[in-house]
Every structure is written in C-alpha cells, then in structure tokens.
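# My questions concern the predicted model and sequence given below.
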Amino acid sequence: MCGITGWMSFERNLDDQSVIAQAMTDTLTNRGPDAGGIWLDKNIFLGHRRLSVIDIQGGIQPMEASDDHGLKAVMSYNGEVYNYRELRQELIEAGHQFKTQSDTEVVLASYLEWGDDFAAHLNGIFAVAIWDIKREELILARDHMGVKPLYYYPLNGEILFGSEPKAIFAHPDVNAVIDDEGLREIFSIVKTPGHGIFKGMFELKPGSIMKINRDGHSQRQYWQLNAREHTDTLEETIEHVRELMTDIVERQVVSDVPLGTLLSGGLDSSALTVLAANAMKKQGNNEPLKAFSIDFVGYEDQFSSNVQWEDPDTPFAIEVAKHVGAHHINVMLDNDDIMNNDTRMATLKAQDLPISTGDMEYSLYLLCAAVRDRVTVAISGESSDELFGGYTWFHDTDAVDLNSFPWHHPFEKAGGIGALKKLGLWESLGLGEYIEKRYNEAIAEMPKLEGESEIEARMRQITYLNVTRWENFLLDRSDRISGAVGLEIRVPFCDYRLVDYVFNTPWAIRNFDGREKSLLRAAMRGLVPDSVLDRKKSPYPSTQDDGYETALRKRVESIIEPGAPILQLMSESDIQKMLEVPQGSYAVGGPWSARSVLERLVEFNTWAIEYDVTIELDKPALLKAS
C-alpha cells in the first residue's frame, strides 16, 4: 500500500510550487507511513508516500532512471507486481542493470524497455505515474482489474492526479462539487467505470493507460475481457482452477514484512488461508500464519438466519485455522465501537465519499486497524463471488431475468429502493432512468460469443456486470479503508489470468452441481474442510443488535436542522416518515436494506459538511416540498 500524486502543467513553471506539492503528498501519509518524497521540475511534480513491503532499504520513490546521456524518466508507483522476478531476469537479459531488489525498479525498467506497452507485461496490482523526460510526456497506468485506484482532474490545460480524491483537493484551485450525475452514482448503487463522482474528476479505468503531452491526451485499454470458446472438460477446468489458485497465492505471499489473511470462515477466505499456509511452508517459512476474523458481541446468541446469512462465521473460521495450524485472532466489536464518532469520521475520510454499505464499512475499518497492529499485508477473498457466482442474484431467476443490474433485485426486496422512493430521491434524481442508461451501456460494451445458448449468454452478462461494476465498488471500499490504516490488502481472485479463464468458463461448468461457486468448491475439495465447502455462502457480517438501529435513528433525528445539506435533496417531512416506521421494521440486509438508507442520510450530511461540498442540482424544483 502506497500513495501517489502529481501535477503536470505546460501553462506555468512548477519549480516554485513545492508547498502545494508537499500538501498534496502529505494527504496520503496514512497509505504510506514509512517514507515520502517529491520530485519537481518546471512541468511536472510527482509525489509519493511509501509502505515498505518488498526490498525495504531499496525502492525509494519517486524513482529515477538514467543512462550515460542523463536522466530518462521518473516514476511514482503504488502496488505490487507479482511476476517481478521473472521480468527482472528478462530485462537483465535485454541489457538492463539493477541497483535494488525492488519490484519498483522492475516496473520502471519495463517502461524503458517496452514503452507504453509496459503495463501489459505486469501481473499485479498497481497505479503508475511516469514522466518521460525526453518526450515531455506523462504516462498514467492502472492494473488490469482496477485494484489500485487512480483519479485525475483536468484543470485549465493542466492535470492533477492522485491515489485518492483528497490529494487532488489539497490543490487550492480545486473544490468539492457534486452535481446530479454524481448524486445518481452515489444513491443508485451503480459503479460506472471512469466516473469520479465529484464534478470534473475522473478515475482512470481498469486496464487502461493514459498519455498526456503538449498535443493533448489519449487513453486506451491495454487489457479487457474477451469472449472465447472454452474447450476444457469439467475435470480439466477444476484442475486448472486449482493450479491457477495455487500459483497465484504462492506469488502473493512473498513479502519482506509480516503477512496474514482475513478469514471469515467462508469458502473464499478459507481457501486462501489454506493455500497461503501451504505456500509459506513450501517456501521454508514455518511460522504460523496469522488469520483474522471479525465478530460482534452477542452475535451468535442473537443470530437470526435470513436470505443473506444462514449461520454465524466464527466456528468455521476457528475450524479452518486449526486445520492449517494458523494463529487465529478474533476481533470482537460491539455497537459502541461502530457508533464511535472517531471511527465513523475516520471511515468517511478514508473514502472521501459517503459510506454505501452501512455498518459493514465501520467494522471493516476497525478490523483493518486491528490487523495492522500485527501484520502489514493481508490476503483477502474479495472478488470470488463476482467471478464464481456466489451471490444470490446469480441463482434467483427473478434477479437473472431482471433487465437491470442484478444486485438491484435484493435492494428492492430488502426495502432499499422503497426507502429511496419514500424520501423522494428516486423520482427527483431520476434514478430509474439513470440505472437503465448505465445498464444498457454495460451490456453494449460486453464481449459476446457466437453460438452461446440464451442462458449461457445471460450468465455471461451477469458475470460481466459483476466483474466490471459491482466488484470495483467493493475493491474501492477495501482499498480506501485498508489504506487509511497503512494495511496492504492483496486479492488473489483478481489475478487477471484467473478472471479471464473463469469468465470464459460456461455457466454449466461453474454451476455444475446447482450450488453457488460449484467450480471453486470442487477445485478446493481435499484442501479445505468439507464443513466449509458444503456451507451456504455467507456475506461479510452485519450487526444484528437492535440497539444499533435505535442509535442510528437518533443520529438521523439529530441532522434534521435548518441548513442541513441533506435537506437540499429531500424534505424534512419525508425523513420523518422514514423514522415513523416502527423500530425493528428495517431488517438487517447490508447495503440492500432500508436501514442502510438511513445510514446514508447521516453519512451524506456529515460528508457534505466535512468536505464543504457544493451541491449543484439541474432541476431543484423536482424535489418534494412536502
């Protein structure tokens, strides 16, 4: 985990802008608490904050590359490249010389060797900014799946960029403004690639590279999902997934600092914990792997199964830890922890945006903070559900048949959409029309395979929507929250080789026994305990304590006052109608429930105040005045 930022300008000399450059860099200190640096020239500033993981003594950034003719390029880089050893050897054979053992130097040498095709050679998670001195050209690149973030902001012939929006906002010429479209992105649970939420801000798309020079800028995809015929048998597919997962995890446990896993007791995290423990032993590290879980005080006693959760996680996490000899650490939380003002503000500032998944985001922050006390790197099971078909909407025919993003089906069932309508937001912001527009765009861009059956074609669409939209929504959350405490999260299920292979595996194979994640279960059979393999998928836990809703309602009441930003979007009377619904009516449902909408009201209001957000509405008259 590191942070990068910068400013390129052909309009003014940046040599005397060190104060602004330092301010922009300092905003990312939490992401990189170990070291920092800036590099200034008349047209460019590059800033870096470092979390040291590989070659702690080397890899200082921004990193320069030079030859007998002088300085050639300077780079600021955030991420990890898992094939850097192979690339290093290939580059040595091509004539490159290295001064460090870091993957950072390999990335820079890759650019010098392959130009703007360098990113396609990297297997990892990264956001890169390179200033080519001879060409006077800035290159921005982002990893295949968009695990590492990179925002940019064109400004009067200049461009600002950073790992997080806060770095860009540290520039005095940038203010936080949100318009109708940004509001639609926030409240519709749509993650549009490239959309930066704030007006004028963009996010470099996953698998993209951008070049900016005196002639302007250009952006292209160096990698994207393609559709092709799958010729492997079921048995061959199972074996290949197992081989891929083993190779991926073996690469990702390489670290010069302490490493652990996030272990929920579900299939994904259990598989990674087993594979990581095996990989460490294979590499000669016999120290017990640290495996971290999260739980809530009284959760098992108060647990009530529903469409999302069938049973508590902790007993399964303990079983897996014992199975591999891992050191299991259970992080226990209660309502006071989640409602704590400092925790909520830290979570908000980590994301620079209002929270989207209710109490899950606060508990994730507390989990990451506890993990960071013991390790610097953690392996997470994020993105498995999107790829292997773990969510309910892969298996609910109503969700599959929905002519929209499939995760909006549970949002409707759990009352989230109804709550938005009750508040007047659905109509005033045109959320239905916006969702339809973005959905049609996604379907139009999706690669298609000639000759697929109707159901196979539809399940390819469902997978594509999850991998390119919903997955990035969760990856952003994970990156910001872990970054806020200086923890690096690695996500093996985002390895583009695995994503490409499974995306092109027919649904009939991925779901061969009719259960969620059939293919992954089969690939892990014999490694992971059967009790976990045969368990129904269980999402990240959410508190089921009634006291949480009581405290949340009080917070909603407290924000209803003259001048409150939330009242620019909805009326006080409509908020009161939400509060008049009897206590306990808003069932636990994670990001889908009406309870989560209450959470968003509080967080949106706090965010707008804290970031001094200007709200620009094209049609304010549409807002209800009841």
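That came in fine, so what should we check first? Owing to the predicted nature of the structure, the values given are computational and were not obtained by experimental measurement. Numbering: from 1, shown residues only.

# Show me which positions of the longest helix seen in the chain end up buried.
The single longest helix within the chain, with elements called by DSSP state H, is helix 234-252. Within helix 234-252, the residues scored as buried using 16 or more other CB atoms under 10 Å are 237-238, 240-242, 244-252. Using the backbone N, CA and C atoms, a C-beta is placed for each residue, glycine as well.

# Please convert those to JSON lines, extending it with distance to Ala227 and pLDDT.
Formatted as JSON lines, these follow (distance: CB to CB, whole Å; pLDDT from 0 to 100):
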{"residue": "Thr237", "distance to Ala227": "17", "pLDDT": "98"}
{"residue": "Ile238", "distance to Ala227": "22", "pLDDT": "98"}
{"residue": "His240", "distance to Ala227": "18", "pLDDT": "98"}
{"residue": "Val241", "distance to Ala227": "19", "pLDDT": "98"}
{"residue": "Arg242", "distance to Ala227": "24", "pLDDT": "98"}
{"residue": "Leu244", "distance to Ala227": "19", "pLDDT": "98"}
{"residue": "Met245", "distance to Ala227": "23", "pLDDT": "98"}
{"residue": "Thr246", "distance to Ala227": "26", "pLDDT": "98"}
{"residue": "Asp247", "distance to Ala227": "24", "pLDDT": "98"}
{"residue": "Ile248", "distance to Ala227": "23", "pLDDT": "98"}
{"residue": "Val249", "distance to Ala227": "27", "pLDDT": "98"}
{"residue": "Glu250", "distance to Ala227": "29", "pLDDT": "97"}
{"residue": "Arg251", "distance to Ala227": "27", "pLDDT": "96"}
{"residue": "Gln252", "distance to Ala227": "28", "pLDDT": "96"}
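
# follow-up on the earlier one: and for the longest helix of the chain, what are the contacting residues?
Residues outside helix 234-252 that contact it (CB atoms under 8 Å, 6 or more residues apart in numbering): 80, 82-83, 123, 230, 232, 271-272, 275-276, 278-279, 282-283, 379, 490, 492, 495, 497-498, 501-502, 505, 509, 512, 519-520, 522-524.

# what do you get if the cut-off is 6 Å, keeping everything else the same?
Among residues not part of helix 234-252, those counted as contacts by CB atoms under 6 Å, 6 or more residues apart in numbering are Tyr82, Leu275, Ala276, Ala279, Arg490, Pro492, Asp495, Leu498, Thr505, Ile509, Ala522, Ala523.

# After the helix or strand of the chain with the lowest mean pLDDT, which helix or strand is next?
Between all helices and strands in the chain, the lowest mean by mean pLDDT, DSSP states H and E belongs to helix 299-302, at a mean of 58. Heading C-terminal from helix 299-302, the first helix or strand you meet, by DSSP states H and E, is helix 314-324.

# Give the buried residues for that following helix.
Applying 16+ other CB under 10 Å to helix 314-324 flags Thr314, Phe316, Ala317, Ile318, Glu319, Val320, Ala321, His323, Val324 as buried.

# Closest to Val485 out of those?
Within these, proximity to Val485 (CB to CB) peaks at Ala317, which comes in at 21.2 Å.

# residue contacts, that closest one?
By CB under 6 Å, 6+ apart, the neighbours of Ala317 are Leu263, Gly265, Ser293.

# how about TSV for those residues, with neighbour count and distance to Gln583 added?
Conversion of the contacts of Ala317 to TSV gives the following (neighbours: other CB atoms under 10 Å; distance: CB to CB, whole Å):
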residue	neighbour count	distance to Gln583
Leu263	35	34
Gly265	25	31
Ser293	24	30
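
# Report the separation between the spatially most central residue of the chain and Phe161.
Most central in the chain under CA atoms, centre = their mean is Leu475, positioned 1.4 Å from the mean C-alpha point. Separation of Leu475 from Phe161 (CB to CB, to the nearest Å) stands at 19 Å.

# Give me the contact list for the biggest strand by length in the chain.
Looking across the chain with DSSP state E, the single longest strand is strand 70-81. Contact with strand 70-81 is made by 2, 4, 39, 46, 48, 61-66, 103-104, 107-108, 122, 124-133, 148, 163, as judged by CB under 6 Å, 6+ apart.

# Just the buried ones from those residues?
For the contacts of strand 70-81, buried by 16+ other CB under 10 Å: 2, 4, 39, 46, 48, 61-63, 65, 103-104, 107-108, 122, 124-133, 148, 163.

# So which of those belong to strands?
Checking these against DSSP E, those in strands are 4, 39, 46, 48, 63, 65, 124-132.

# With respect to Thr392, which of those is nearest?
Out of these, the member with the shortest distance to Thr392 (by CB to CB) is Ile125, at 28.1 Å.

# Does that closest one touch Met145 like I think?
No: shown here, Ile125 and Met145 do not form a contact pair, counting by CB atoms under 6 Å, at 7.8 Å.

# just to revisit the earlier point, give me the subset of the contacts of helix 234-252 lying in strands.
Arg490.

# With pLDDT, distance to Ala176 and neighbour count as added columns, please give the contacts of helix 234-252 in JSON lines.
Below are those laid out as JSON lines (pLDDT from 0 to 100; distance: CB to CB, whole Å; neighbours: other CB atoms under 10 Å):
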{"residue": "Tyr82", "pLDDT": "96", "distance to Ala176": "36", "neighbour count": "22"}
{"residue": "Leu275", "pLDDT": "98", "distance to Ala176": "42", "neighbour count": "26"}
{"residue": "Ala276", "pLDDT": "97", "distance to Ala176": "40", "neighbour count": "25"}
{"residue": "Ala279", "pLDDT": "96", "distance to Ala176": "43", "neighbour count": "20"}
{"residue": "Arg490", "pLDDT": "97", "distance to Ala176": "31", "neighbour count": "27"}
{"residue": "Pro492", "pLDDT": "98", "distance to Ala176": "35", "neighbour count": "27"}
{"residue": "Asp495", "pLDDT": "98", "distance to Ala176": "35", "neighbour count": "25"}
{"residue": "Leu498", "pLDDT": "98", "distance to Ala176": "37", "neighbour count": "21"}
{"residue": "Thr505", "pLDDT": "98", "distance to Ala176": "43", "neighbour count": "20"}
{"residue": "Ile509", "pLDDT": "98", "distance to Ala176": "47", "neighbour count": "19"}
{"residue": "Ala522", "pLDDT": "98", "distance to Ala176": "48", "neighbour count": "20"}
{"residue": "Ala523", "pLDDT": "98", "distance to Ala176": "45", "neighbour count": "23"}
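
# Among the contacts of helix 234-252, which lie within helices?
Of those, the ones assigned to helices by DSSP H are Leu275, Ala276, Ala279, Leu498, Ile509, Ala522, Ala523.

# Just list the residues touching the second one, thanks.
Contacts here follow CB under 6 Å, 6+ apart; on that basis Ala276 touches Val249, Val253, Thr261, Leu289, Ile379.

# The fourth one against Ala277, yeah?
The reference is to Leu289. Yes: counting by CB under 6 Å, Leu289 does reach Ala277; the two are 4.7 Å apart.

# and for the two, which residues touch both?
Ala326.

# Just want to know which of these two has more residues nearby.
Comparing Leu289 with Ala277 by other CB atoms under 10 Å, the one with more neighbours is Leu289, at 26 against 23.
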